[in-house]
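quick one: sequence and predicted model below, then my questions.
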Amino acid sequence: MNKIISLAPALSIILLLIAGLSGCKSSKEIGAVVSGGAKARDAFFEAMENQALDFNTLTARLTAELKVPKNNMASRVDLKMVKDSAFQLSVQPFLGIEVFRAEFTVDSIKVIDRMNKRYVAERYADLKGQTPIEFNFYNLQALFTNRIFLPGEQTVAPKQFRKFKLNQDGDKAEVKVKDSFGLLYTFFADGEEKLLSTYISDPSDHYALQWDYTDFRITEGKPFPQLMDVKVLADGASQGGIAFRFSKIQTNVPVSLDFSIPAKYKRITFAQIIKSISNTQK
């Protein structure tokens, strides 16, 4: 797993969730839609933006199923998000008792491990040597909310559409973009411009992160996936991952993001927790 860990912060995030893991608004499911024909570039990307869920705050109950060799287990996870500011994941495997909480903000990551009474608090700027990639908070937010994104950017403005390579083939569309480190981001959409999958691979395509979206239901007037299946791949073979099943989704309700750290908790580094996770996977 050591090489996979070095691929991207996204993979590190998945590993952090693995370490912490020990009913829909509408019943109408929306499948992939066949396109009536290829759209012009700007019209295609504008349609993708229009399909995305619009919110200022987002809360949801998730069932997270951990999938690693010889170790499958599920846990309740509560998600709280304030758009373009911060979001938290609270892992509660035992009768609603929190054992792990992660908070991602625009400039930092914090993690509380209540089982071992320790925590991590690091700025992304201090992790640059450990994570050679342009992937940022806004890109991670996009992954959790079924949106296309540009590596390292906050939004996708109309003038930036030209940065993507677009290939439309009948009821399918493939969108590609590379970051300055050579990592390739590939987005797959259907004929209705719903984002179905995001695939992030290293320059050699030996290691990758695949984030699939399925079971779309109407949420606040927009199609939103109730299932997100995340896999870490090595030479095309799954090395493990997590499946997130969404329920109780609410938007634009008051959200409190508390992250108080008990005084007796020991502070450790991000590198230490990644090393600990890596050792457990050997």
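Yep, that arrived.

figure out how far stretch 258-269 is from the centre of its chain.
Centroid separation for stretch 258-269 versus its chain: 25 Å, with CA atoms, centre = their mean, to the nearest Å.

what are the buried residues along it?
Residues Ile268 are the ones in stretch 258-269 that count as buried (16 or more other CB atoms under 10 Å). Any C-beta I mention is one placed from the backbone N, CA and C, and that applies to glycine too.

convert the C-alpha atoms of that stretch to PDB, please.
Presented in PDB, the C-alpha positions along stretch 258-269 are these (Å, rounded to 0.1, in the frame of the first residue of the first chain):
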ATOM      1  CA  ASP A 258     -17.700  21.800  16.300                       C
ATOM      2  CA  PHE A 259     -14.200  20.400  16.500                       C
ATOM      3  CA  SER A 260     -13.000  20.700  20.100                       C
ATOM      4  CA  ILE A 261     -10.000  18.600  21.100                       C
ATOM      5  CA  PRO A 262      -9.700  17.300  24.700                       C
ATOM      6  CA  ALA A 263      -6.700  18.600  26.500                       C
ATOM      7  CA  LYS A 264      -5.300  15.200  27.300                       C
ATOM      8  CA  TYR A 265      -5.200  14.000  23.700                       C
ATOM      9  CA  LYS A 266      -1.800  13.500  22.100                       C
ATOM     10  CA  ARG A 267      -1.000  15.300  18.900                       C
ATOM     11  CA  ILE A 268       0.600  13.200  16.100                       C
ATOM     12  CA  THR A 269       1.500  14.100  12.500                       C
END
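
model confidence over it, on average?
In this model, stretch 258-269 has an average pLDDT of 94.

likewise for stretch 89-109?
For stretch 89-109, the per-residue pLDDT averages 89.

end-to-end on that stretch?
Start-to-end span of stretch 89-109 (CA to CA, to the nearest Å) is 12 Å.

mind listing what's buried in it?
Buried, per 16+ other CB under 10 Å, within stretch 89-109: 89-93, 98-105, 108-109.

off-centre distance for that stretch?
14 Å.

contacts for that stretch?
With CB atoms under 8 Å, 6 or more residues apart in numbering as the test, stretch 89-109 has contacts from 13, 16-17, 19-22, 64, 73, 75-80, 84-88, 110-115, 120-125, 127, 137-138, 140-141, 257, 259, 270.

ok so, going back, among the buried residues of stretch 89-109, which lie within strands?
Leu89, Ser90, Val91, Gln92, Phe100, Arg101, Ala102, Glu103, Phe104, Thr105, Ser108, Ile109 (DSSP state E).
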